[in-house]
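Q: predicted coordinates and the sequence they were generated for:
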Amino acid sequence: MVDNFKHKGKRNQLVELLRDKGIVDDRVLAAIGKVPRHLFLDSSFEDHAYQNKAFPIGAEQTISHPYTVAYQSQLLDIQPGDKVLEIGTGSGYQTAVLLEMGAKVFTIERQKELFDVTKVLLSKMRYNPSYIGFGDGYKGLSMYGPFDKIIVTAGAPFIPNPLLKQLKVHGTLIIPIGVKEQEMTTIFRVSETEFEKLEFGSFKFVPMLEDKN
Ligand code: SAH
């Protein structure tokens, strides 16, 4: 698991690219500047790991574009100590970025194959989520809720009710909603009963799966 000056140089270039593309949260940029993205990918992608691209990670899934990871992290306005539920652990890259930002991360993944690999990888890299599990994001993680922030990293056809229930008052859920394309959407919990929805433009995610098949 080598992370050398070449990787660091490319990472700095990626940070500058994200800054140019409008990411302004220095804590997000600092985290992207630290997490060795190439170690979350198959070694055949090593040379390309710091491009703003998605890559296959197995089980027909992809690691998100760095811009998407940065954009979602910025919208979540992560504060150190925030309890964050992540739906779709995937490669673990977004998990690592959230951990670098000082969040307590609870993360679940629907594909057993990815869950098994990523759990080991994160621990080898000394990234320690508060919880990492094989489970269904549509149900959330009620045993560990409520959460300050919830991030969904797959395209959801609708907003799963359990996620709204597991959000603290004054907490934020970020969820890309849509089937072919997704509208980046945040839901802010104003009170026990009121939620405020904002939209932030179109993105492309792999689908949030409803049934395991
Ligand atoms: N954050 C990841 C993104 C991976 S893509 C990364 O940076 O690598 C989205 C992930 O969501 C995939 O791994 C997919 O298997 C997972 N996923 C899809 N539907 C899900 C569900 N219902 N519950 C949990 N995870 C799900």
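A: Perfect, thanks for sending it.
Q: can we go C-alpha only for contacts and neighbour counts from here?
A: Fine.
Q: let me know the secondary structure of the spatially most central residue of the chain.
A: Centroid check for the chain by Cα atoms, centre = their mean gives Gln94 as the closest residue, at 3.8 Å. Here Gln94 is recorded as helix under DSSP: H, G, I helix; E, B strand; the rest coil.
Q: verify the stated contact: it with Val69.
A: Yes: look at Gln94 against Val69 with Cα atoms under 8 Å: they come within range, at 6.2 Å.
Q: re earlier: residues contacting the residue nearest to the centre of the chain?
A: For Gln94, the residues meeting the contact criterion (Cα atoms under 8 Å, 6 or more residues apart in numbering) are Val69.
Q: so what's it scoring on pLDDT?
A: Gln94 is assigned 98 on the pLDDT scale.
Q: how near is it to the ligand?
A: Applying Cα to the nearest ligand atom, to the nearest Å, the value for Gln94 to the ligand is 4 Å.
Q: list the helices and strands the longest helix along the chain packs on?
A: Of all segments of type helix in the chain, defined using DSSP state H, the longest is helix 5-20. In terms of contacts (3 or more Cα pairs under 8 Å, 6 or more residues apart in numbering; DSSP states H and E), helix 5-20 is packed against helix 26-34.
Q: and stretch 22-41, what's its mean pLDDT?
A: Averaged across stretch 22-41, the pLDDT comes to 97.
Q: chain center to that stretch: distance?
A: 12 Å (Cα atoms, centre = their mean, to the nearest Å).
Q: repeat that for stretch 102-112.
A: 9 Å.
Q: list the buried residues in it.
A: By neighbour count on 16 or more other Cα atoms under 10 Å, the buried set for stretch 102-112 is Gly102, Ala103, Lys104, Val105, Phe106, Thr107, Ile108, Glu109, Arg110, Gln111.
Q: for it, which outside residues touch it?
A: The contact list for stretch 102-112 (Cα under 8 Å, 6+ apart) reads 59, 78-90, 95, 98-99, 115, 129-137, 209, 212.
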